[in-house]
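[1] What shape does this take:
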Amino acid sequence: MSEYTAVGYTQKSHGVKGEIKIKLQPEFINNVLDAEILFINRHGKIIPFFLEDIKAIGKLYIAKFEDVDSPEQATQISSSEVLLPADAIQIEEEELQELEYHFIQGFEVHDEEKGLIGTIKEILEYPQQEMAVVFFGKKEILIPLHEDLIIELDEEKKRIRFELPEGLLDL
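    Sure, this is the predicted structure:
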C-alpha cells in the first residue's frame with residue numbers, strides 16, 4: 001500500500017445532490033483537480049472516492065463523488081482528511097518547505113489540562129505566525145504555533161503537546 005499525503009479536508013455537505021465542500025492546501029490544488037480518485041480518512045480507514053466533478057467556489061472547492069447522492073451521505077464524510085497517494089503528487093519540494101510547521105499536519109493535539117483536543121487539519125500562515133486548524137468538538141479553532149506554547153513535539157507518534165492559554169478553546 002502506498003503512502004498518502006494529506007491535501008485538505010472535507011467540510012459540510014453542499015446542496016441536495018450529495019456534494020461536499022473541501023478545503024484544499026494551495027500547493028496541492030492542481031493535483032486534486034487532475035485526480036480521478038480522492039481518498040478520505042474516516043476514523044483511521046482510508047477509503048477511495050471516485051470524483052464525478054469538482055469546482056472552485058471562492059477559496060473552497062465543491063466535490064461530487066460517485067455513489068454519494070444525498071446530503072446525509074455527504075455528511076458521513078464531513079470533517080475528514082482528504083488524501084492522495086504520495087507517488088501521485090507532482091509538486092516542487094521548495095513549495096512544501098514554505099511553512100516552518102508544515103510537517104505537523106495530521107498530528108494529534110493535546111493540551112496539558114484538557115487532554116486530546118483533535119487533529120491538525122491545516123497549517124495557515126498569518127503575518128505574525130503560523131496557526132494550526134483543529135476541530136475541537138464541532139468547532140474549528142486556531143492554535144498559535146509558537147515555541148512558548150509547545151511543550152513537546154513527537155514526530156514518531158505524530159503528536160504535539162501544548163500549554164494553551166486559558167479560554168482559547170472557549171472562543
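[2] now could you export just the CA positions of stretch 106-119 as CSV?
    Presented in CSV, the C-alpha positions along stretch 106-119 are these (Å, rounded to 0.1, in the frame of the first residue of the first chain):
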residue,chain,number,x,y,z
GLY,A,106,-2.3,15.4,10.7
PHE,A,107,-0.7,15.3,14.2
GLU,A,108,-2.9,14.9,17.3
VAL,A,109,-3.1,18.0,19.5
HIS,A,110,-3.0,17.5,23.3
ASP,A,111,-3.4,20.2,25.9
GLU,A,112,-1.9,19.9,29.3
GLU,A,113,-5.2,20.4,31.1
LYS,A,114,-7.9,19.3,28.6
GLY,A,115,-6.1,16.3,27.1
LEU,A,116,-6.8,15.3,23.5
ILE,A,117,-8.2,18.3,21.5
GLY,A,118,-8.2,16.9,18.0
THR,A,119,-6.1,16.5,14.8
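[3] So what touches it?
    Stretch 106-119 is contacted by residues 6, 81, 120, 132, 134-136, 141, 143, 151, 158-164, 169 when judged by C-beta atoms under 8 Å, 6 or more residues apart in numbering. (Glycine included, C-beta is placed from N, CA and C.)
[4] ok, the spatially most central residue of the chain - contacts?
    Geometric centre of the chain, nearest residue: residue 121, 3.0 Å, by C-alpha atoms, centre = their mean. Residue 121 makes contact with 9, 23, 81, 105, 133-135, 140, according to C-beta under 8 Å, 6+ apart.
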